[in-house]
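Participant: Sharing a model that was predicted from the sequence below.
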Amino acid sequence: MGFLDNLKKKATQAVDQHGDKISGGLDKAADAVDKKTKGKYSGKITSGRDKAKDALDRLDGKQDGDVR
């Protein structure tokens, strides 16, 4: 097993165990950045957050919406 395979396995386990916490962290970070920019980039921030959550859901491999 190569380095990247091992890294993906560990990341998948982390998402399986802590997906709700990771999702909450993404929401908090997006809200903080949106507040700092005074809503100027709300659309881009929301889009980035949603893409990050989609990536985590794909990493989870279950497509069960745990991360969202």
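Facilitator: Here it is on my side, so go on. Numbering: from 1, shown residues only.

Participant: The top helix by length along the chain: which residues count as buried?
Facilitator: When the chain is parsed with DSSP state H, its longest helix is helix 3-36. The neighbour-count check on helix 3-36 (16 or more other Cβ atoms under 10 Å) flags 15, 19, 22-23, 26, 30, 34 as buried. Where you see a C-beta, it was placed from the backbone N, CA and C, and this is true even at glycine.

Participant: Show me the shaky parts of the chain.
Facilitator: By pLDDT under 70, the weakly predicted segments of the chain are 1, 61-68.

Participant: check contacts around Glu45.
Facilitator: Just so we're on the same page, residue 45 is Ile rather than Glu. Neighbouring residues of Ile45 by Cβ atoms under 8 Å, 6 or more residues apart in numbering: 30, 33-34, 37.

Participant: right, and out of the residues you listed, which lies closest to Leu7?
Facilitator: The closest of the contacts of Ile45 to Leu7 turns out to be Ala30 (Cβ to Cβ; 24.9 Å).

Participant: How about the closest one: what's its closest non-neighbour residue?
Facilitator: With sequence-adjacent residues excluded and distances taken as Cβ to Cβ, 6 or more residues apart in numbering, Ala30 is closest to Arg49, at 4.2 Å.

Participant: ok, how many other residues are close to that neighbour?
Facilitator: 18 (other Cβ atoms under 10 Å).

Participant: Can you tell me the element it falls in?
Facilitator: helix 42-60 (DSSP states H and E).

Participant: before we move on, back to that, the longest helix of the chain versus helix 42-60: what angle between them?
Facilitator: 150 degrees (axes from the mean of the first three to the mean of the last three Cα atoms, to 10 degrees).

Participant: Helix 3-36: how far from the chain's middle?
Facilitator: 4 Å (Cα atoms, centre = their mean, to the nearest Å).

Participant: quick one: contacts for Ala30?
Facilitator: Residues in contact with Ala30, defined by Cβ under 8 Å, 6+ apart, are 45-46, 48-49.

Participant: Having no further points to raise, I will conclude here.
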